[in-house]
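**Student:** I would like the atomic coordinates for the input below:
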Amino acid sequence: MKHFLSDLIRVGISNLSIMLFGIGTSVLTARLLTPAENGDISALLVYPSLFMVLGSLGIRQSTTYFVGKAIYPLEVIQKAVVQIWMITTLLCMVSCYVLITYFTRHDYAASSVWLAILSIPFSLYNTYSSGVFLGKNEIKNFNRINWIPNAVTFLATIGLLYYFQLRLDGALLALLLGHVSIFMVLIFRDRFFSHLTLRMDMMVIKSMLSLGIVFALSLLVSQLNYKIDVILLENMSSSYELGIYTKGTSVVQYLWQIPMLFSTIIFARSAVSKDSLAFSKKVCQLLRISLVLIGFLSLGIGLLAYPIIHLLFGSAFDESAPVMQILLPGVVLLTVFKVMNMDLAGKGKPWISLKSMWFPLILNVVLNVLLIPRYGSVGAAMSSLVTYSLASFFFLHFYSKETGIPVADILRYQKSDWEPILYLFQKLAKKQ
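**Tutor:** Model (predicted):
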């Protein structure tokens with residue numbers, strides 16, 4: 001427990017930095033750009049973000065699994081990662097360029113399109129490389145650097161939007177610089193150029209892709225549940241409505257940093273865990289803690305939605321408040337998936353999330369098509385609420401079957417649930 005909480009504190013500081021810089025960037029783009037321009041940013045980035053998931057081919061997760069289980073030598077795995085990265089980068093960039101150019105309703109400037117897709121190679125490598133950190137259980141090293149992209153993006157947004165007034169292209173360039181900054185750190189740390197070779201170990205690559213593709217499909221379906229409303233809003237509504245929607249979601253989605261704080265640790269330790277059932281029970285304990293914390297925060301945010309939106313983003317985004325209020329119950333319920341999926345993924349079982357998400361995704365498309373023309377951003381939020389909730393119930397059922405832990409036991413609170421929190425406060429008190 002001592003080492004676990006030590007990791008928890010490190011991850012907490014890192015995630016807090018990520019959250020604050022992320023919110024800061026969102027505030028800046030709201031204050032310095034119009035709702036329509038904010039909508040254009042979301043529309044330009046939706047396909048690259050999806051292809052970063054699909055193009056990653058689950059290599060982060062499969063790398064974590066193979067490194068954690070010591071299935072292949074680390075040097076061999078790193079060479080395979082670099083080779084897969086070179087191929088997927090090209091495929092993803094070409095695919096995104098075609099989709100943005102020919103399958104979006106708006107005619108975006110060529111500079112904006114290229115700035116949106118140029119983040120792909122850097123983001124993909126950063127994702128791949130993080131799997132080595134987690135597989136080696138180097139939580140401390142991982143969290144020393146994973147806040148860098150958000151910090152650089154925040155600072156670059158100030159310079160490019162406020163001082164140079166580059167507007168849309170400035171916001172996209174700031175994001176690109178964030179990805180490049182961590183890439184430059186990783187290529188030297190990972191000895192990138194020593195792994196750059198055309199001699200392929202097809203057995204290792206095939207093994208990683210076989211498991212990784214299942215991870216990628218499950219991640220893609222999950223991400224589509226979060227992104228399909230953005231795609232449909234871009235095609236069925238206006239940039240203004242899309243901007244209103246994305247600002248409403250930007251605040252509530254940071255609540256997932258609480259379970260993500262736990263899930264990074266869960267994933268890494270699950271990959272090397274010897275007692276599978278005992279570790280799953282610990283995950284259930286963390287879920288119960290997360291639900292309470294997120295539930296209370298969501299209640300407060302829901303009651304103060306209008307002043308929060310007005311304070312952060314200004315009066316131009318006041319219509320984002322009802323979007324945020326509608327999404328909050330779904331965000332609380334989807335905590336089940338956010339926490340527990342990382343346990344099963346760490347055990348090499350990503351297909352469980354795929355089973356849980358495919359039907360809610362189809363329903364999400366149907367509801368968005370029905371609700372967006374009439375209700376715009378609010379309709380997209382209503383659709384997400386229904387599908388987030390449904391996906392959570394499905395995943396809870398499948399997780400229970402897979403681990404052999406009854407649903408009642410997963411959700412039943414115990415006095416011992418709060419021991420990690422008490423221990424954490426005691427440890428912090430002693431330091432003071």
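
**Student:** Just confirm Met52 contacts Tyr125, I think it does.
**Tutor:** No - the pair Met52 and Tyr125 fails to qualify as a contact (C-beta atoms under 8 Å) at a distance of 10.6 Å. Where C-beta positions appear, they are placed from N, C-alpha and C, glycine not excepted.

**Student:** Below-threshold pLDDT in the stretch 1-150 of the chain: ranges please.
**Tutor:** Within the stretch 1-150 of the chain, the ranges that satisfy pLDDT under 70 run 1-11, 55-58, 61, 131, 133-143.

**Student:** Which parts of it are helices?
**Tutor:** Assigned by DSSP state H, counting those that start in this stretch, the stretch 1-150 of the chain shows helices spanning 2-32, 35-55, 59-68, 74-102, 110-117, 119-135, 139-145, 148-157.

**Student:** Report the angle between the fifth one and helix 74-102.
**Tutor:** Our comparison of helix 110-117 with helix 74-102, counting by axes from the mean of the first three to the mean of the last three C-alpha atoms, to 10 degrees, yields an angle of 150 degrees.

**Student:** Please state the offset of helix 110-117 from the chain centre?
**Tutor:** Once both centres are worked out by C-alpha atoms, centre = their mean, to the nearest Å, helix 110-117 turns out to sit 22 Å from its chain's centre.

**Student:** which residues touch Pro48?
**Tutor:** Contacts for Pro48 (C-beta atoms under 8 Å, 6 or more residues apart in numbering) come out as Cys92, Cys96, Ala116, Ile117, Ser119, Ile120, Ser123.

**Student:** again with Leu90
**Tutor:** Listed by C-beta under 8 Å, 6+ apart, Leu90 has no contact partners.

**Student:** Is it possible to get TSV of the helices of the stretch 1-150 of the chain that adds distance to Met340?
**Tutor:** Shown next, in TSV, are these (distance: least, C-beta to C-beta, whole Å):
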stretch	distance to Met340
helix 2-32	17
helix 35-55	19
helix 59-68	15
helix 74-102	27
helix 110-117	33
helix 119-135	17
helix 139-145	19
helix 148-157	26
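
**Student:** looking at these, which is closest to Thr249?
**Tutor:** Minimum separation from Thr249 across those (C-beta to C-beta) falls at helix 35-55, 9.3 Å.

**Student:** CA atoms only for that closest one, dumped as PDB, please.
**Tutor:** Taking Å, rounded to 0.1, in the frame of the first residue of the first chain, the C-alpha atoms of helix 35-55 are listed here in PDB:
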ATOM      1  CA  PRO A  35     -17.500  30.000 -30.500                       C
ATOM      2  CA  ALA A  36     -17.500  29.200 -34.200                       C
ATOM      3  CA  GLU A  37     -13.700  29.200 -34.300                       C
ATOM      4  CA  ASN A  38     -13.600  26.900 -31.300                       C
ATOM      5  CA  GLY A  39     -16.000  24.600 -33.200                       C
ATOM      6  CA  ASP A  40     -13.700  24.600 -36.200                       C
ATOM      7  CA  ILE A  41     -10.800  23.600 -34.000                       C
ATOM      8  CA  SER A  42     -12.800  20.600 -32.700                       C
ATOM      9  CA  ALA A  43     -13.900  19.700 -36.200                       C
ATOM     10  CA  LEU A  44     -10.300  19.800 -37.600                       C
ATOM     11  CA  LEU A  45      -8.900  17.700 -34.700                       C
ATOM     12  CA  VAL A  46     -11.600  15.000 -34.500                       C
ATOM     13  CA  TYR A  47     -10.300  12.800 -37.300                       C
ATOM     14  CA  PRO A  48      -6.600  13.100 -36.300                       C
ATOM     15  CA  SER A  49      -7.600  12.200 -32.700                       C
ATOM     16  CA  LEU A  50      -9.500   9.100 -33.900                       C
ATOM     17  CA  PHE A  51      -6.700   8.000 -36.200                       C
ATOM     18  CA  MET A  52      -4.200   8.500 -33.400                       C
ATOM     19  CA  VAL A  53      -6.200   5.800 -31.600                       C
ATOM     20  CA  LEU A  54      -6.700   3.600 -34.600                       C
ATOM     21  CA  GLY A  55      -3.200   4.200 -35.900                       C
END
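
**Student:** what angle separates that helix from helix 74-102?
**Tutor:** Using the same axes, to 10 degrees: helix 35-55 against helix 74-102 is 140 degrees.

**Student:** how much does helix 35-55 deviate in direction from helix 119-135?
**Tutor:** Using the same axes, to 10 degrees, helix 35-55 lies at 50 degrees relative to helix 119-135.

**Student:** low pLDDT regions in the stretch 201-350 of the chain?
**Tutor:** By pLDDT under 70, the low-scoring segments of the stretch 201-350 of the chain are 211-212, 259-274, 345-346, 348.

**Student:** what ranges do the strands span in it?
**Tutor:** Per DSSP state E, counting those that start in this stretch, the stretch 201-350 of the chain has no strands. Nothing in it meets that criterion.

**Student:** for the helices of the stretch 1-150 of the chain, which one sits closest to Ser377?
**Tutor:** helix 35-55 (9.5 Å).

**Student:** gap between the closest one and the chain center?
**Tutor:** 13 Å.

**Student:** Could you identify which of the helices of the stretch 1-150 of the chain is most buried?
**Tutor:** Highest mean neighbour count of the helices of the stretch 1-150 of the chain: helix 59-68, a mean of 27 (counted as mean count of other C-beta atoms under 10 Å).

**Student:** Which strands or helices does that helix pack on?
**Tutor:** Helix 59-68 sits against helix 74-102, helix 119-135, helix 202-236, helix 257-272, helix 335-346, with contacts defined as 3 or more C-beta pairs under 8 Å, 6 or more residues apart in numbering; DSSP states H and E.

**Student:** Take those helices and lay them out in CSV including distance to Tyr108.
**Tutor:** Shown next, in CSV, are these (distance: least, C-beta to C-beta, whole Å):
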stretch, distance to Tyr108
helix 74-102, 7
helix 119-135, 15
helix 202-236, 11
helix 257-272, 30
helix 335-346, 32
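
**Student:** quick one, which of those is nearest to Ser112?
**Tutor:** Nearest of those (C-beta to C-beta): helix 74-102, 8.9 Å.

**Student:** Quick check, Ser383 in contact with Tyr375.
**Tutor:** No - at 9.5 Å, Ser383 and Tyr375 do not qualify as touching, with contact defined as C-beta under 8 Å.
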